[in-house]
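# my questions concern the predicted model and sequence given below.
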There are 2 protein chains.
Amino acid sequence: MMAGHDFYANKNVLITGGIGFLGSNLAIRLVDLGASVTLYDGLIPDLGANFFNIKPIKDRIKVVIADTGDRSAMDHYVRHQDIIFNIGMHSCHLDSMKDPVFDIRTNVVPQINFLESLRYHNPETRVVYVGTRAQYGRVEKPPITETTPLNPMDIYSVSKQAVEWYHMLYGKICGLQPTSLRLGNTYGPRHQMRHAKYGVQNYLIRLALDGQQIEIFGDGSQERELMYVDDVIECLLLLGERDQCAGQVYAIGTHERVTFLELVKEIIKACGSGSFAHVPWPKDRKIIEVGHVVTNYSKLTAHTGWTPSTSLSEGLSITAEYYRQYKKHYW
Amino acid sequence: MMAGHDFYANKNVLITGGIGFLGSNLAIRLVDLGASVTLYDGLIPDLGANFFNIKPIKDRIKVVIADTGDRSAMDHYVRHQDIIFNIGMHSCHLDSMKDPVFDIRTNVVPQINFLESLRYHNPETRVVYVGTRAQYGRVEKPPITETTPLNPMDIYSVSKQAVEWYHMLYGKICGLQPTSLRLGNTYGPRHQMRHAKYGVQNYLIRLALDGQQIEIFGDGSQERELMYVDDVIECLLLLGERDQCAGQVYAIGTHERVTFLELVKEIIKACGSGSFAHVPWPKDRKIIEVGHVVTNYSKLTAHTGWTPSTSLSEGLSITAEYYRQYKKHYW
């Protein structure tokens, strides 16, 4: 973990999706850095909100439970914030194809209302938006960079791209200073572990810890970049404190790439239990599968100095230990 | 006008935005070709719906007045359609920046509901979606082609891109056969002439016919490609009848480029009245101005044989005559 981040001392910081995976890990860091943190969360069923996530800091933060698109609530809470991390969105690729109307209603519409709240009550604030690598979809010419053509392969990923553009346009509408991080698969403590609908790499850890068999669709040869949550939080902090990142979009990845098969083997090793078997691709998964993931994150490094610092085996080991210890709060 | 289009004889065709500019011109051609045409229109205030547009065919078509996102209506009317032209969207760039929530509510949400109607009641139909050139925004490396990076510069253009992607994804969700035409500035008979909020090139014709002064923002040196409506209708017919256009996106333009200043002079000439003056750019217009427009439409020509066949002076002359004759129905 890098030192620094004096920037955040006594800063007012709002985090949407604040009780979920990224939000809670970020909040814990921010409290440690002396920030005044407000967590805003809609507690949408099946998503990552878990009050156990924020137990270590619960007496040192403010918690607001409301929908991101609730103008009454958001108009109030965005005021006087120095920086906002906009993390809270419904994030299941598969569900978005089953019920696109629900995806638009729970992602696109609330987000545009959130931006309207900023426009009228904190128009020039810094906002770090967490987008998704899936905005690129299946990539014809790897590695991924910020200029890789956008090719979202499911409704959720279209919504994420639209909302990223909306953020950028509010720079023109009201002077907002947005940054977008197009984040890929991230694992670590405080992820939801009840289902595999999103963040599947985390659910695999549950299966392994429970001594169960992990199903690998096809041969598992597709390459993945797994981001450890502490590295991602470090990146978010850097993006938030640097003015020159305003108006910018960043791709993020790691130099350590593994095939899905290798990942499963690493997970089983870190957990000390579990097994795997190959099964055919289910049709609904196959049509949204993006193939290899290889990212060139040199723009991010150039602008912020960020590089990932946690190896996969190290990250998986910490993660397995966390869930072993706090299993009853996540299973 | 090209001959042919036997494809449409006795075909059931639904047109959203059917009483507007493109919809009504398309309907008139389709009726002539022997198609069984249903026009669907939400009569949204300030948009192009005008019952005078369809007067020549009013006894030979079916007209449905309902919102595009009205599942009761749309679930019923999409059935048994052989091909659907999805044209009806709210289309003001400037309004979308003033009230983004309204844009999402009137464009994105109804369109996803429209696609759900297709999914459950006509899942594999051909749909020709009319997108906008503005999905590209300000283009760094002209000419525009289908692979030019997407850079929408206002909320409306983001919505149009999102809805284009939604169409393509329904190919995966239910086997829909969508085609998108990213259409630029189009002029001709049957456009709304009450305000300049969209389709400004048409409003300029009104100003000239009324002997008024046309304001040119800045020096008017930005290049434009003006599409004549009959050429666009010809293109839509070709896209609808060719199976190989399913799943494809097309850029469209014309070989005859003019600066905005030249366009204004041509309009004044065609109308035989009017004048012009240069004025500074209004701030709200400047931030959404896209600069030069130059398109390479060779993919469209290769797949359909389409090329534009109406010169600007010819098109403006026909258009000026139309509005001179039917002024009372449009002013």
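Here it is on my side, so go on.
# okay, residue A:199: pLDDT?
In this model, residue A:199 is scored at 88, pLDDT.
# then residue A:94?
On the pLDDT scale, residue A:94 gets 86.
# the helix or strand containing it near chain B anywhere?
Using DSSP states H and E, residue A:94 falls within helix A:93-98. Yes - residues of helix A:93-98 are located near chain B by CB under 8 Å from any CB of the partner chain, namely residue A:97. C-beta here means a position set from N, CA and C on the backbone, and glycine is covered the same way.
# buried stuff in that helix?
A:93, A:95-97 (16 or more other CB atoms under 10 Å in any protein chain shown).
# by contact count, what packs against the longest helix along chain A?
In terms of residue count, the longest helix belonging to chain A (DSSP state H) is helix A:155-174. For helix A:155-174, the packing partners by 3 or more CB pairs under 8 Å, 6 or more residues apart in numbering or on different chains; DSSP states H and E come out as helix A:93-98, helix A:100-103, helix A:109-121, strand A:126-132, strand A:177-183, helix B:93-98, helix B:155-174.
# now those as JSON lines including distance to residue A:196?
Conversion of the helices and strands packed on helix A:155-174 to JSON lines gives the following (distance: least, CB to CB, whole Å):
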{"stretch": "helix A:93-98", "distance to residue A:196": "10"}
{"stretch": "helix A:100-103", "distance to residue A:196": "18"}
{"stretch": "helix A:109-121", "distance to residue A:196": "25"}
{"stretch": "strand A:126-132", "distance to residue A:196": "17"}
{"stretch": "strand A:177-183", "distance to residue A:196": "19"}
{"stretch": "helix B:93-98", "distance to residue A:196": "38"}
{"stretch": "helix B:155-174", "distance to residue A:196": "21"}
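# quick one, which of the ones you listed is nearest to residue B:56?
helix B:155-174 (29.7 Å; CB to CB).
# mind listing what's buried in that closest one?
B:155-174.
# now it against helix A:109-121, angle please.
170 degrees (axes from the mean of the first three to the mean of the last three CA atoms, to 10 degrees).
# how distant is helix B:155-174 from the center of its chain?
Centroid displacement of helix B:155-174 relative to its chain, using CA atoms, centre = their mean, to the nearest Å, is 16 Å.
# equivalent analysis for stretch A:64-79, please.
21 Å.
# buried ones in that stretch, by neighbour count?
Buried residues in stretch A:64-79 (16+ other CB under 10 Å): A:64, A:66-71, A:73-75, A:77-78.
# then stretch A:269-278?
For stretch A:269-278, by 16+ other CB under 10 Å, it's A:270-271, A:274, A:276.
# who touches it?
Residues from elsewhere that reach stretch A:269-278 (CB atoms under 8 Å, 6 or more residues apart in numbering or on different chains): A:205, A:207-216, A:218-220, A:261, A:264-265, A:267-268, A:313, A:316-317, A:319-320.
# hey, C-alpha coordinates of that stretch in PDB?
Output in PDB follows, covering the C-alpha atoms of stretch A:269-278 (Å, rounded to 0.1, in the frame of the first residue of the first chain):
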ATOM      1  CA  LYS A 269      -4.800 -23.600  -3.600                       C
ATOM      2  CA  ALA A 270      -5.500 -20.500  -1.600                       C
ATOM      3  CA  CYS A 271      -8.500 -22.000   0.000                       C
ATOM      4  CA  GLY A 272      -7.000 -25.400   0.600                       C
ATOM      5  CA  SER A 273     -10.200 -27.100  -0.600                       C
ATOM      6  CA  GLY A 274     -12.500 -27.400  -3.500                       C
ATOM      7  CA  SER A 275     -12.300 -29.100  -6.900                       C
ATOM      8  CA  PHE A 276     -13.200 -28.300 -10.500                       C
ATOM      9  CA  ALA A 277     -14.800 -29.800 -13.600                       C
ATOM     10  CA  HIS A 278     -15.300 -28.700 -17.200                       C
END
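# what distance separates it from the centre of its chain?
25 Å.
# kindly report the same for stretch A:254-272.
On CA atoms, centre = their mean, the centre of stretch A:254-272 falls 20 Å from that of its chain.
# mean confidence for that stretch?
Mean predicted lDDT for stretch A:254-272 stands at 95.
# cool, stretch A:67-80 as well?
96.
# interface residues of chain A facing chain B?
Counting by CB under 8 Å from any CB, the residues of chain A that sit close to chain B are A:97, A:100-101, A:104-105, A:108-109, A:112-113, A:115-116, A:147, A:149-150, A:152-155, A:158-159, A:161-162, A:165-166, A:169, A:172-173, A:287-288.
# that older thread, between the longest helix of chain A and strand A:177-183, how many degrees?
160 degrees.
# least trustworthy helix or strand in chain A by mean pLDDT?
helix A:283-286 (a mean of 84; mean pLDDT, DSSP states H and E).
# contact partners of the helix or strand that that helix is followed by?
The helix or strand immediately downstream of helix A:283-286 is helix A:298-304, counting by DSSP H and E. Contact with helix A:298-304 is made by A:145-146, A:235, A:238-239, A:242, A:244-245, A:248, A:250-252, A:306-307, as judged by CB under 8 Å, 6+ apart.
# low-confidence ranges, chain A, go.
A:1-3 (pLDDT under 70).
# recalculate using a threshold of 90.
A:1-4, A:45-46, A:88-95, A:140, A:196-200, A:257, A:282-293 (pLDDT under 90).
# where do the strands of it begin and end?
A:12-16, A:36-41, A:62-65, A:83-86, A:126-132, A:177-183, A:186-187, A:213-217, A:223-225, A:227-228, A:248-251, A:257-259, A:275-279 (DSSP state E).
# quick revisit: the longest helix of chain A vs strand A:126-132, what angle?
160 degrees.
# can you redo the contacts of helix A:298-304 as CSV with distance to residue A:6?
Shown next, in CSV, are these (distance: CB to CB, whole Å):
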residue, distance to residue A:6
A:145, 31
A:146, 28
A:235, 17
A:238, 13
A:239, 16
A:242, 13
A:244, 18
A:245, 17
A:248, 22
A:250, 22
A:251, 27
A:252, 24
A:306, 17
A:307, 21
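# just the buried members of these?
A:145-146, A:235, A:238-239, A:242, A:245, A:248, A:250-252, A:306.
# quick one: which of those is nearest chain B?
residue A:146 (10.4 Å; CB to the nearest CB).
# that closest one against residue A:295, yeah?
No - using CB atoms under 8 Å, residue A:146 makes no contact with residue A:295, being 10.1 Å away.
# give me the common contacts of those two.
Contacts common to residue A:146 and residue A:295, judged by CB under 8 Å, 6+ apart, are residue A:251.
# so residue A:263 sits right up against residue A:226, yeah?
Yes - Residue A:263 is within contact range of residue A:226, at 6.5 Å (criterion: CB under 8 Å).
# which residues are common contacts for these two?
A:201, A:312.
# got the contact list for residue A:154?
Contacts of residue A:154 by CB under 8 Å, 6+ apart are A:93-94, A:96-97, A:134, A:288, B:169.
# cool, residue A:330 as well?
Counting by CB under 8 Å, 6+ apart, residue A:330 has contacts A:50, A:52, A:191-194, A:206, A:323.
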